[in-house]
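Novice: Kindly generate the corresponding structure for this input.
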Amino acid sequence: MDLHLLRVLVELHRQGTMRAVAKATGYGTSTVSVQLATLEKQVGATLLERVGRTVRFTPAGRRLVEHAEQILAAVEIARADIGPSGEPGGLLRIAAPASVLSDDLISIAARLRRTHPALRLEMQEREPAEVAELLDADEVDLGFVYDYNVVPRFADNGTTVRRICSVPVLLAVPAGEFGPVTRVEDLRMLQDEPWVANSRGIDDTELVEFMCGMAGFTPTVAHRADSLGLAVDFVAAGLGVAFVPAFVPVREGVEMIPLPGEIACRRMFAVTRPGRHMWPAVALVVDEVAAYRG
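Specialist: Below is the predicted model of the structure:
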């Protein structure tokens, strides 16, 4: 079987339509259709069936997609394993939240530019859901994401997902206005307060809703900010309260209140496309970030 044709099949499974595959690969829709027809001849089975103006995978098509994903992942591992020197080099495309870029990756990238001149990093700031979309579209090779242990979204599998670290979540409130939180029910003192959450992702909103729900009330998310620093600015101005990870710097006018038993933690993960965790460049950057956070 032609690996290129298998990639087209997997791309159709990910994208959903011939038109989307054509846009992602740069081929015309007719070319994509011909390629898939060729693959059907090679395997001797019907992989797709027409449903109106769209196509649907047959049982054989779905099984081949599963095999194709494993085959393509194995090819990526083999390419990394037989590299001429094993030294990290070439282009590595990375997407990560702003906090990971500013706290970790920028300084790491500056150092690697000196120690590994053959390696070139291209980085972009993205929220977790955006990172996942870019990985699916093969627009980045490596991503860094976060979630919360009480509303989990990722699971460490040792290959495409690797847990890097976990930090406690704190309650940010205007200084001197609220008492300690010794039990979750104490959050009810904030039931009339406006909350600040993320403007580009749902994880922070889910955290607020979960924690306040445990305390017995429904919160009002009044403000949304893409930046943790901006979220704390709202709190400092007395305009709201927020949950923030413990690495956020203390700000004048803001009190960071620990939660009982560190009940909520923000977890950070490295995520890659299948097979690429073995790339020397990927392994190097992930290990550097893990050491930095450790």
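Novice: Show the pLDDT at residue 32.
Specialist: Listed pLDDT for residue 32 reads 87.
Novice: now residue 251: how far from residue 151?
Specialist: Remark: distance between residue 251 and residue 151 (CB to CB, to the nearest Å) = 26 Å. Just so you know, the C-beta spots here come from the backbone N, C-alpha and C atoms, and that holds for glycine as well.
Novice: Which residues outside the stretch of helix or strand residue 92 belongs to are in contact with it?
Specialist: Assigned by DSSP states H and E, residue 92 belongs to strand 90-96. Outside strand 90-96, the residues that touch it by CB atoms under 8 Å, 6 or more residues apart in numbering are 105, 118-126, 130-131, 134-135, 139-145, 279, 281-282, 285.
Novice: Which of those residues are buried? Put it as a ChimeraX command.
Specialist: With 16 or more other CB atoms under 10 Å as the criterion, this ChimeraX line picks the buried residues out of the contacts of strand 90-96:
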select :105,119,121,123,126,130,131,134,135,140,141,142,143,144,145,279,281,282,285
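Novice: The contacts of strand 90-96 in strands, which ones?
Specialist: 119-125, 142-145 (DSSP state E).
Novice: quick revisit: what's the angle between the strand holding residue 92 and strand 119-125?
Specialist: 20 degrees (axes from the mean of the first three to the mean of the last three CA atoms, to 10 degrees).
Novice: which of the residues in strand 90-96 are buried?
Specialist: Result for strand 90-96 [16+ other CB under 10 Å]: buried residues 92-96.
Novice: And stretch 19-35, by the same measure?
Specialist: Neighbour-count burial for stretch 19-35 [16+ other CB under 10 Å]: 20-22, 24-25, 27, 32-33, 35.
Novice: ditto for stretch 176-185
Specialist: For stretch 176-185, by 16+ other CB under 10 Å, it's 178, 181, 184.
Novice: all strands for the protein, in order.
Specialist: 48-51, 54-57, 90-96, 119-125, 142-148, 161-174, 194-197, 220-224, 242-245, 254-258, 265-272.
Novice: related to what we said a few turns ago, now flag whichever of the buried residues of stretch 19-35 is closest to residue 268.
Specialist: residue 24 (28.7 Å; CB to CB).
Novice: I figured that closest one hits residue 134, correct?
Specialist: No: using CB atoms under 8 Å, residue 24 is not in contact with residue 134; the gap is 12.0 Å.
Novice: Look through the protein and tell me its longest helix.
Specialist: Among the segments of the chain that qualify as a helix by DSSP state H, the longest is helix 59-81.
Novice: That helix: how far from the chain's middle?
Specialist: Centroid displacement of helix 59-81 relative to its chain, using CA atoms, centre = their mean, to the nearest Å, is 22 Å.
Novice: Report the angle between that helix and strand 265-272.
Specialist: If you take the same axes, to 10 degrees, helix 59-81 sits at 90 degrees to strand 265-272.
Novice: Next, the buried residues of helix 59-81.
Specialist: 61, 64-65, 68-69, 71-73, 76-77, 80.
Novice: For it, name the packing helices and strands.
Specialist: Under the contact criterion of 3 or more CB pairs under 8 Å, 6 or more residues apart in numbering; DSSP states H and E, helix 59-81 touches helix 3-15.
Novice: Could you export the helix it packs on as CSV, CA atoms only?
Specialist: Output of helix 3-15 as CSV, limited to C-alpha atoms (Å, rounded to 0.1, in the frame of the first residue of the first chain):
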residue,chain,number,x,y,z
LEU,A,3,1.9,5.5,2.3
HIS,A,4,0.8,8.7,0.6
LEU,A,5,-2.6,7.2,-0.1
LEU,A,6,-2.9,6.1,3.5
ARG,A,7,-2.2,9.7,4.6
VAL,A,8,-5.0,10.9,2.3
LEU,A,9,-7.4,8.3,3.9
VAL,A,10,-6.4,9.3,7.4
GLU,A,11,-6.8,13.0,6.5
LEU,A,12,-10.3,12.3,5.2
HIS,A,13,-11.2,10.7,8.5
ARG,A,14,-9.9,13.7,10.4
GLN,A,15,-11.3,16.4,8.1
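Novice: who's in contact with it?
Specialist: Counting by CB under 8 Å, 6+ apart, 18, 21, 24-25, 32, 35-36, 38-39, 42, 47-48, 55, 57, 61, 64-65, 68-69, 71-72, 75, 136-137 sit against helix 3-15.
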